[in-house]
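Q: Show me the folded form of this:
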Amino acid sequence: MIKKCIAILVSLIGLNNYAQQRNVVLIIADDLGKDYCDIYSDHGPSVVNLTNVRRLLTRGVVFNNAWSNPLCSPTRAGILTGRYSFRTGVGDVVDGANTKLSLTENIIPKMLNLYSPNGISKACIGKWHVTTAGTLGIDYPRLMGFDHYEGNLSGALGQPGQLVTGFNNWTKITNGASSNCTNYATTENVNNAISYIDSQPATKPFYLHLAFNAPHTPFHLPPSNLITNSTLSGTQADITANPVPYFQAMVEAMDKEIGRFFDYLITSGKWDNTDIIFIGDNGDDPLVAQTTPSKGSLYQAGVTVPFIISGPDIVNPNRTSNALVNTADLFATILELFGDTNWRTRIPTTTVDSKSLMPILLNQATTVKPWAFTEIFKLAPTSGDGKTIRNEDYKLIKYDNGNEKFFNLTNSPLETNNRDLLNGTVTLTSTQITNYNYLCSEMTNLVGGPQYCNALSVNDNGLETNENKVFPNPFHSKINLKSYTGNENYELYSNLGQLIYKGKSIENHDFSALSNGIYFLKIKDSSTTTVKLLKE
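A: All right, here's what the predicted structure looks like:
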């Protein structure tokens, strides 16, 4: 009995020591969609061999259905706060007059300090891009809770066509002080990460937010020691004509430097007690996209990103997950990886959307929520602004201008327009209607206000087949009916839910002035039937 008690005591001491030593590293690749990553079986025709990122797989969980925002600033704001863009106000890239992340937000390092005052080292290395420079802008990362910041505050290191002022010649901010850096940015980021960790007490846990600029534009030829393709000339003309191999080279160089960082963690004795997260912040740049529309759009190619969580906290590692997750879920997950399971009590008046992925990491559950959500909205509104939500099979896109798209992602993973279930060429099944109304309702409940989308909210008992109810379909001016008693009441709605006609004599009404598009006819007597019509 004494030996057993001693063994238990030793085990508890070991667990406590492990808890004190717990570290978390978040690695963000800039503009890297899932489709270029060879770690996914459903990658596109062009890939990059992520040799070093692949080292995470045997210790981790790979998420197949991870969503981000379509642009980098909103994604980063969501990670830091665990809140969707409509709450933070950051729906576009932070630049100039665009809304920046508020200094009052409770971001991850601030929360870690509330949990363990000065007990966890907190560093941000690399790209920031959630605040604009101003009176306090150059030192925002530290003002918002990081102990150390080293990197660039803006969205890109130069612009396409300006290679001289790109990754090899850039403005670096170190804890509020500006300097010029001529070291290759990807290499410099890893150098800075290693130096910071080395500067901290060996027994002090650390959180490292390591955000690379690669493979964001400007596309360029990385140093030869970081890539295998020796045929690239690196001239601006070649880069402009053939951007893909340069994009791939930038990803390969980033992977090589990630490997150097991993080797450092191993040799310094930190690998075995460090959880590592690897993600992309949005889809690929349109210049190299394998599926369009990509970055900046609500389509899958714009918001589906690589997402891996790996390390000692993973139970039964080397597995994949089909759970619907969002990059904003990292907020709660990172806090709980450090042991803070009561973080909500520290910000009771703040609405946080983040769902901890710990049940999946601990192999206690296969999912943590029934849907995923993301959005985009710009300072100067565009036709692409809107919100989207998906469940396991279906995805609804609701644009701010009223247009909608509805896809079965199982049947149409590329979301081609001819597979849009609201394009007027198909009659929705009861299953499709149920999924549409569910997603519509969930989006309304999330965002708040009146019914957020209502194209099918007029439906009570399902859409009937048009052939036996209404003709012609498509119609031009008149709507004719068959097999009805004459006692029915009729309501015609636009695709946006606007009531166009209400009465008993719809066959006598001339609809030739209506705009072309989708309409819904609600036929009411002892029951209610809704028929989908196309006006041409």
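Q: contacting residues for residue 394?
A: Applying CB atoms under 8 Å, 6 or more residues apart in numbering to residue 394 gives the contacts 406-409, 432, 435-436, 439. The C-beta positions use only the backbone N, C-alpha and C, and glycine is treated the same way.
Q: wait, residue 138
A: 153, 173, 176, 178.
Q: One more: residue 388?
A: 298, 303, 373-375, 395-398.
Q: Drop anything exposed from the residues you listed.
A: With burial judged by 16 or more other CB atoms under 10 Å, the buried subset of the contacts of residue 388 is 298, 303, 373-375, 395-398.
Q: Among these, which ones are in strands?
A: The strands, defined by DSSP state E, take in 373-375, 395-398 from the buried ones among the contacts of residue 388.
Q: counting residues per helix, which one in this structure is longest?
A: Secondary structure assigned by DSSP state H gives helix 243-267 as the longest helix of the chain.
Q: what about that helix, average pLDDT?
A: For helix 243-267, mean pLDDT rounds to 98.
Q: and that helix, how far out from the chain's middle?
A: 22 Å (CA atoms, centre = their mean, to the nearest Å).
Q: quick one: contacts of whichever helix or strand comes after that helix?
A: The C-terminal neighbour of helix 243-267 among helices and strands, as given by DSSP states H and E, is strand 274-280. Here strand 274-280 makes contact (CB under 8 Å, 6+ apart) with 22-34, 53, 56, 60, 66, 68, 258, 262, 265, 305-314, 327, 330, 333-334, 337.
Q: and residue 529, what helix or strand is that in?
A: strand 528-535.
Q: Surely residue 142 and residue 150 touch.
A: No: contact criterion CB atoms under 8 Å: residue 142 and residue 150 do not qualify, at 10.7 Å.
Q: Report the set of residues contacting both of the two.
A: Counting by CB under 8 Å, 6+ apart, the residues touching both residue 142 and residue 150 are residue 175.
Q: Compare those two and say which one has the larger neighbour count.
A: residue 150 (22 against 17; other CB atoms under 10 Å).
Q: Test of understanding: give the bridge partners of that one.
A: Beta-bridge partners recorded for residue 150 (DSSP bridges): residue 125, residue 174.
Q: Can you tell me how far it is from residue 226?
A: 20 Å (CB to CB, to the nearest Å).
Q: before we move on, what about residue 263?
A: 14 Å.
Q: Give me the more crowded residue out of those two.
A: residue 226 (18 against 13).
Q: Identify the residues contacting that one.
A: Counted by CB under 8 Å, 6+ apart, residue 226 has contacts 184, 186-187, 252-253, 256-257.
Q: Please tell me the pLDDT value assigned to it.
A: The model's pLDDT for residue 226 equals 98.
Q: could you measure it against residue 212, distance?
A: Counting by CB to CB - residue 226 and residue 212 are separated by 13 Å.
Q: overlap in contacts of these two?
A: Here residue 226 and residue 212 share the contacting residues residue 186, scored by CB under 8 Å, 6+ apart.
Q: middle-most residue in this structure, spatially?
A: Note on the chain: the residue nearest the mean C-alpha position is residue 68, at 0.4 Å, using CA atoms, centre = their mean.
Q: where's that residue relative to residue 507, distance?
A: 50 Å.
Q: Likewise for residue 269?
A: Counting by CB to CB, the gap from residue 269 to residue 507 is 82 Å.
Q: all helices of the stretch 351-500 of the chain, in order?
A: Here the stretch 351-500 of the chain has its helices, by DSSP state H, counting those that start in this stretch, at 358-361, 430-447.
Q: where does the residue nearest to the centre of the chain fall, phi/psi-wise?
A: Phi and psi for residue 68, reported as degrees, to the nearest 10, are phi -120, psi -170.
Q: ditto for residue 77
A: phi -60, psi -40.
Q: That one: what's its closest spatial neighbour, skipping adjacent residues?
A: residue 90 (4.1 Å; CB to CB, 6 or more residues apart in numbering).
Q: Please look at that neighbour and residue 83 and confirm they touch.
A: No: Residue 90 is beyond contact range of residue 83, at 9.4 Å (criterion: CB under 8 Å).
Q: who touches both of those two?
A: With CB under 8 Å, 6+ apart, residue 90 and residue 83 have common neighbours residue 77.
Q: Relative to residue 102, how far out is residue 79?
A: Taken as CB to CB, the span from residue 79 to residue 102 is 15 Å.
Q: now residue 534
A: Taking CB to CB, one finds residue 534 at 46 Å from residue 102.
Q: What segments of the stretch 151-300 of the chain are helices?
A: Going by DSSP H, counting those that start in this stretch, the stretch 151-300 of the chain shows helices at 185-199, 236-241, 243-267, 300-303.
Q: okay, the angle between the longest one and helix 185-199?
A: Note on geometry: by axes from the mean of the first three to the mean of the last three CA atoms, to 10 degrees, helix 243-267 and helix 185-199 are set 10 degrees apart in direction.
Q: In terms of secondary structure, what does helix 243-267 contact?
A: strand 23-29, helix 185-199, strand 274-280 (3 or more CB pairs under 8 Å, 6 or more residues apart in numbering; DSSP states H and E).
Q: Columns mean pLDDT, mean neighbour count and distance to residue 344 on top of the ones you listed, output as a markdown table?
A: Formatted as a markdown table, the helices and strands packed on helix 243-267 follow (pLDDT from 0 to 100; neighbours: other CB atoms under 10 Å; distance: least, CB to CB, whole Å):
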| stretch | mean pLDDT | mean neighbour count | distance to residue 344 |
| --- | --- | --- | --- |
| strand 23-29 | 98 | 24 | 19 |
| helix 185-199 | 98 | 19 | 30 |
| strand 274-280 | 98 | 24 | 21 |
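Q: Tell me which of those sits nearest to residue 498.
A: strand 274-280 (39.5 Å; CB to CB).
Q: With only the CA atoms kept, save that closest one in CSV.
A: Listed next in CSV are the C-alpha coordinates belonging to strand 274-280 (Å, rounded to 0.1, in the frame of the first residue of the first chain):
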residue,chain,number,x,y,z
THR,A,274,5.0,21.6,-26.6
ASP,A,275,1.7,21.5,-28.4
ILE,A,276,2.1,22.9,-32.0
ILE,A,277,-0.7,24.2,-34.2
PHE,A,278,-0.3,24.8,-37.9
ILE,A,279,-2.9,26.7,-40.0
GLY,A,280,-3.4,28.8,-43.1
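Q: quick one, it and strand 23-29 angle?
A: 20 degrees.
Q: Neighbouring strands - and their directions - for strand 274-280?
A: With DSSP bridges as the test, strand 274-280 pairs up with strand 23-29 (parallel), strand 307-310 (antiparallel).
Q: Let's have those strands in CSV, adding distance to residue 389.
A: Formatted as CSV, those follow (distance: least, CB to CB, whole Å):
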stretch, distance to residue 389
strand 23-29, 24
strand 307-310, 18
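Q: Dump the helices and strands packed on helix 243-267 to CSV, plus distance to residue 499.
A: Formatted as CSV, these follow (distance: least, CB to CB, whole Å):
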stretch, distance to residue 499
strand 23-29, 47
helix 185-199, 57
strand 274-280, 44
